[in-house]
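[1] Using only what follows, build the 3D model:
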Amino acid sequence: MSDVFISYANEDRERAGKLAKALQDLGWSVWWDRKIIAGQSFDQAIERELENANCVVVLWSENSVSSEWVKNEAAVAVERAVLVPAMIDRVKLPLEFRRKQTADLVGWHGEDSHAGFKALGDGITATIGGKVPPQPAPAPVSKPRKKPRWLWVAAAVAAVAIGLGAYLALSEKKTPPKPITPVRTTSYRNDIYNQLNKAQREAVKTLGQDKSAAIRLIDKNLMDIETALKSFPEDAAFYSLRGYAAKDVYQSSKNLLPAEKRREYLAIARKSFENALRLNPKSAGAHNGMGNVYFFEGKFDEALKQHNVALQLMDGKYPAAEHDKRLVQRVKNGEIPFNF
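    Numbers count the residues shown, from 1 in each chain. Coordinates of the predicted model:
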């Protein structure tokens, strides 16, 4: 169980990480990283942490006020009476959360002396029942010591009744956690997809520098995509993403991986694109990916058909498909050797 669960929009990940570190430095345990360990369901892991955290800090920003997932987590925190909101951008909060006292972290860059950060610490302390972050016992020294970093938190506890009455009232009315039904919102889905897609693009960029390192990155991303598919089993885009990741490993691993292992990756790519097309027959990306698979299998005519379908679906405006089609034609015409 964590002391603090941080809810944030994926675009604010860097700022959420900075806050998490600051709170951890004060001694609180913090759950914030949505990069779930491979094999876990995103929904289940987040649900478990959200249910059990002693306090939920929601970061309101230009991105999160329109995120249904963040608003859902905030609503759950309200139900559990453990919400401590903070504003990191000057925004109008969602209507249902405007009456909550909100710490002002706009312009905060990590300093302990920031008034908004102190207010947030006060709110956390009050919400978890006046618990001051645990600190290690100081070793005896002969010199006068600086005041421990957490003394301002202890002092704040004494002033909570005046300064943060709303939070005290909230904590006194705590109710047992209610079961949460995971909500797979469009915003949450997009956050996960964009994160995985970005990781794949970055790994592909590494291919020109260090193929072995790039393959390891792509392989890891494949596992993360498998995890995402447990939450989004009927989403064609995730299957296409997995197909391209496996295809990229196959295409780049000649003389690096055994032939049998490479064929396994190509089989994963084929199966992934087939699933994507089953779910969305008009997916231009899946058709183009299927063309890549046919090409590597030496089936040039079938590959050209798939690339043509992809181009038709995009009204001819699909540079990647056009490039892949030209490559197939050149290999088929004997202009370049088939050496893949």
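[2] ok, and for stretch 202-215, which residues are buried?
    Ala203, Val204, Thr206, Leu207, Lys211, Ala214, Ile215 (16 or more other Cβ atoms under 10 Å). (Each C-beta comes from the backbone N, C-alpha and C, glycine too.)
[3] Need the nearest residue in space to Phe232, chain neighbours excluded.
    The shortest distance from Phe232 to any non-neighbouring residue, by Cβ to Cβ, 6 or more residues apart in numbering, is to Phe238 (5.3 Å).
[4] after the helix or strand where that neighbour lies, next one along is what?
    Using DSSP states H and E, the element containing Phe238 is helix 236-252. Next along the chain after helix 236-252, taking DSSP H and E as the criterion, comes helix 259-279.
[5] residue ranges with poor pLDDT in the stretch 51-200 of the chain?
    Scanning the stretch 51-200 of the chain with the threshold set as pLDDT under 70 gives 130-188.
[6] cutoff 80 now
    For the stretch 51-200 of the chain, residues meeting the criterion pLDDT under 80 lie at 129-189.
[7] distance of Glu49 from Ser29?
    11 Å (Cβ to Cβ, to the nearest Å).
[8] the more surrounded of the two?
    Neighbour count, other Cβ atoms under 10 Å: between Glu49 and Ser29, Glu49 has more, with 17 against 14.
[9] Determine the set of other helices and strands touching the helix or strand where the more buried one lies.
    Here Glu49 sits within helix 42-52, counting by DSSP H and E. Counting contacts by 3 or more Cβ pairs under 8 Å, 6 or more residues apart in numbering; DSSP states H and E, helix 42-52 is packed against strand 4-7, helix 68-80, helix 211-231.
[10] buried ones in the shortest one?
    Residues of strand 4-7 classed as buried: Val4, Phe5, Ile6, Ser7 (neighbour count, 16+ other Cβ under 10 Å).
[11] Mind putting those into CSV with pLDDT and distance to Lys299?
    Output for these, formatted as CSV (pLDDT from 0 to 100; distance: Cβ to Cβ, whole Å):
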residue, pLDDT, distance to Lys299
Val4, 94, 55
Phe5, 93, 51
Ile6, 95, 50
Ser7, 93, 48
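[12] Just name the closest of these to Ser252, please.
    Looking at the buried residues of strand 4-7 and their distance to Ser252, the nearest is Ile6, at 36.9 Å (Cβ to Cβ).
[13] Settle this for me: the closest one is touching Lys18, isn't it.
    No: with contact defined as Cβ atoms under 8 Å, Ile6 does not count as touching Lys18 (10.7 Å).
[14] Look up the closest residue to Ile128, ignoring the ones flanking it.
    Nearest residue to Ile128, sequence neighbours excluded (Cβ to Cβ, 6+ apart): Asn54, at 4.2 Å.
[15] need the contact list for the one you found.
    Met1, Ser2, Asp3, Val4, Val82, Thr127, Ile128, Gly129, Lys131 (Cβ atoms under 8 Å, 6 or more residues apart in numbering).
[16] if we go to 7 Å?
    By Cβ atoms under 7 Å, 6 or more residues apart in numbering, the contact list for Asn54 reads Met1, Asp3, Val82, Ile128.
[17] for Ile225, same thing?
    Taking Cβ under 7 Å, 6+ apart, we find Ile225 in contact with Leu196, Phe238, Leu241, Arg242, Ala245.
[18] what about 10 Å?
    The contact partners of Ile225, by Cβ atoms under 10 Å, 6 or more residues apart in numbering, come to 38, 192-193, 196-197, 199-200, 232, 238-239, 241-246, 272.
[19] Ok, Ile336 next?
    Taking Cβ under 10 Å, 6+ apart, one finds Leu327, Arg330 in contact with Ile336.
[20] Gly289 versus the closest residue to Asn280 other than its chain neighbours, what's the distance?
    Leaving aside its sequence neighbours, Asn280 sits nearest to Ala236 (Cβ to Cβ, 6+ apart; 3.7 Å). When distance is defined by Cβ to Cβ, Ala236 is 11 Å away from Gly289.
[21] cool, Pro337 as well?
    To Gly289, Pro337 is 23 Å away according to Cβ to Cβ.
[22] Between the two, which has more neighbouring residues?
    Legend: neighbour count by other Cβ under 10 Å for Pro337 and Gly289, higher for Gly289 (31 against 7).
[23] Mind pulling the model confidence for the more buried one?
    Gly289 carries a pLDDT score of 96 in this model.
[24] doesn't Arg242 make contact with Ala276?
    Yes: with contact defined as Cβ atoms under 10 Å, Ala276 counts as touching Arg242 (8.6 Å).
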